[in-house]
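J.: Here is a sequence together with a model predicted from it:
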Amino acid sequence: MNKDLNHVKQVVQDAYDFKNFHRLLCERFGYVHDDEHWRRDQLSLIEWIAAGMTKPRFPETFCSSCGKSLGAGDSGVSHCGEHE
Ligand SMILES: [Zn+2]
């Protein structure tokens, strides 16, 4: 009886750990972690990572010459020639 209970505890712990692992992957690769439907998202998360869809460093970048917004990216540009 006690053995069964330990088994159940282990299964619950495994599920918890795996969910946490999923959440960390989502954070690392900039994917939205759905706390309720995360199991459904496993395949699309894999596809997301495989496609190299990592989160840009900045939600918005700019040209430092003219101030034009260049959208999300890892860095802005210094000269207008780089965005035209
Ligand atoms: Zn510019």
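T.: Arrived safely, thanks for sending.

J.: Count the neighbours of residue 31 for me.
T.: Number of residues near residue 31 (other CB atoms under 10 Å) recorded here: 21. In short, each C-beta sits where N, CA and C put it, glycine included.

J.: Could you list the low-pLDDT ranges of this protein?
T.: 1 (pLDDT under 70).

J.: List the buried residues of whatever helix or strand residue 12 lives in.
T.: The secondary structure element spanning residue 12 is helix 2-29 (assigned by DSSP states H and E). For helix 2-29, burial by neighbour count (16 or more other CB atoms under 10 Å) applies to 22, 25, 26.

J.: Dump these into JSON lines; add distance to residue 38 as well.
T.: Output for these, formatted as JSON lines (distance: CB to CB, whole Å):
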{"residue": "22", "distance to residue 38": "5"}
{"residue": "25", "distance to residue 38": "10"}
{"residue": "26", "distance to residue 38": "8"}
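
J.: returning to that earlier point: quick one: list the elements packing against the helix holding residue 12.
T.: Contacts of helix 2-29 with other secondary structure elements, assessed using 3 or more CB pairs under 8 Å, 6 or more residues apart in numbering; DSSP states H and E, are made with helix 42-50.
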